[in-house]
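Enquirer: predicted model and sequence follow; I will ask about them next.
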Amino acid sequence: MRKAFVLLVTLILASFIFAAGSVSLIMNPNASWSQTLTFSVRQWIKVTWDYDETQAFAIDDTSYTVTVGNIEFRSNKKFKFYYGIGSTLPTGVSVVSVKVGSTVLSNSSTTPTEVSTKLLSGILEVGFNPEVLNVENDFSVKFDFTFLPF
């Protein structure tokens, strides 16, 4: 008797844990019941960037810009993102703009670039301040992209 009681209590507790409610159906000639369930799909973002990783990129001496291949940000849902500079730049040099096609990317976490079409693609263009012309040696820039849900 004690084992049956423990089993019954366990079943009752399990039904409270896994059920969101109970349904009682009175069967006259027939009865029906429906339940709506919500499912979530994980968001993914795919970045495709076509450029020669062994190449040093020449900065235009009048516009202070450089193009670095084609880049594509594609997702199954809308998203936002922003970039940061993860390396030390030469003294006085700063990145003043980063563009994909005609879209200027944000470098601010408070006002990230919104991609409502799930796709942003085009030529990546990096703009520097005029001080970049005073740099004597090649230098590297690390871009850190942070993605956020829309």
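Expert: Structure's in. What do you need?

Enquirer: let me see the contact set for the nearest residue to L148 once chain neighbours are set aside.
Expert: Setting aside the residues directly before and after it, L148 is nearest to K80 in space (CB to CB, 6 or more residues apart in numbering), at 4.4 Å. Using the backbone N, CA and C atoms, a C-beta is placed for each residue, glycine as well. By CB atoms under 8 Å, 6 or more residues apart in numbering, K80 lies in contact with 112-115, 147-150.

Enquirer: which among those gets closest to F73?
Expert: Sorting the contacts of K80 by distance to F73 puts V115 at the head of the list, at 6.5 Å, by CB to CB.

Enquirer: tell me what that closest one is bridged to.
Expert: F79 (DSSP bridges).

Enquirer: residues in contact with it?
Expert: Contacts of V115 by CB under 8 Å, 6+ apart are 73, 75, 78-81, 150.

Enquirer: want to throw these into JSON lines with distance to S87?
Expert: Shown next, in JSON lines, are the contacts of V115 (distance: CB to CB, whole Å):
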{"residue": "F73", "distance to S87": "21"}
{"residue": "S75", "distance to S87": "26"}
{"residue": "K78", "distance to S87": "30"}
{"residue": "F79", "distance to S87": "25"}
{"residue": "K80", "distance to S87": "24"}
{"residue": "F81", "distance to S87": "19"}
{"residue": "F150", "distance to S87": "29"}
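
Enquirer: of all the residues you listed, which comes closest to F139?
Expert: F81 (24.5 Å).

Enquirer: list the buried ones in stretch 45-58?
Expert: Residues of stretch 45-58 classed as buried by neighbour count (16 or more other CB atoms under 10 Å): none.

Enquirer: who touches it?
Expert: 66-75, 79, 124, 138, 145, 147.

Enquirer: dig out what G122 forms beta bridges with.
Expert: Under the criterion used (DSSP bridges), G122 bridges to I71.

Enquirer: got the contact list for it?
Expert: So G122 contacts 70-71, 99-103 (CB under 8 Å, 6+ apart).

Enquirer: just the buried members of those?
Expert: 71, 99-100.
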